[in-house]
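**Q** return atomic coordinates for the entry below.
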Amino acid sequence: MRRQVLLDTGPLVAFLKPQDQFYRWATTELATIQPPLLTCEAVIAEARFLLRNTHAGEETVLSLLADAYIQLPFRLETEIIAVRQLMTSYRSVPMSLADACLVRMSEQHNSSLLLTLDSDFQIYRKHQKQIIPVLMPSV
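**A** Numbering: from 1, shown residues only. Reported below is the predicted structural model:
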């Protein structure tokens, strides 16, 4: 069975921005992953904001959605209680909305792997005590 991959903002931005220090890592990793990648609207919003000064960056994010390379199965309105609890539990980190949504998605897609650059995911836990499997560059 193929492991579902959840996509965080950092690798998405790095993949679309050749000047990014993680561009090579992101392009290499994404070349080995069979689409679709799953993410949430908060990640899309963050990525579009961070790519606002990158040629075609914002539009390419939308193209990846239109082409179903990235899919958005997460619905914040139905998961708001769980997301709010996560953000409260990790307020000392602090946890962003996108991070909370991805932690919740890791609970929903139990055998998933999270593609991220964010070391906070080594602190966060799904179901309060389970490590979230991540794929991130070794620094």
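**Q** and stretch 33-41, which residues are buried?
**A** For stretch 33-41, burial by neighbour count (16 or more other Cβ atoms under 10 Å) applies to 33, 36-40. Glycine gets a C-beta too; all of them are placed from N, C-alpha and C.
**Q** and which of the residues you listed is nearest to residue 97?
**A** Closest to residue 97 out of the buried residues of stretch 33-41 is residue 40 (8.6 Å), distances taken as Cβ to Cβ.
**Q** what's the strand or helix carrying residue 58 packed up against?
**A** Per DSSP states H and E, residue 58 falls inside helix 57-66. Under the contact criterion of 3 or more Cβ pairs under 8 Å, 6 or more residues apart in numbering; DSSP states H and E, helix 57-66 touches helix 9-16, helix 41-50.
**Q** dump these into a markdown table; add distance to residue 67 and mean pLDDT as well.
**A** Converted to a markdown table, those look like this (distance: least, Cβ to Cβ, whole Å; pLDDT from 0 to 100):
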| stretch | distance to residue 67 | mean pLDDT |
| --- | --- | --- |
| helix 9-16 | 14 | 98 |
| helix 41-50 | 14 | 98 |
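**Q** format these as JSON lines; extra columns: distance to residue 126.
**A** Shown next, in JSON lines, are those (distance: least, Cβ to Cβ, whole Å):
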{"stretch": "helix 9-16", "distance to residue 126": "19"}
{"stretch": "helix 41-50", "distance to residue 126": "17"}
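**Q** buried deepest among those, which one?
**A** helix 9-16 (a mean of 25; mean count of other Cβ atoms under 10 Å).
**Q** run the chain-centre distance for that helix.
**A** Distance of helix 9-16 from the chain centroid (Cα atoms, centre = their mean, to the nearest Å) equals 9 Å.
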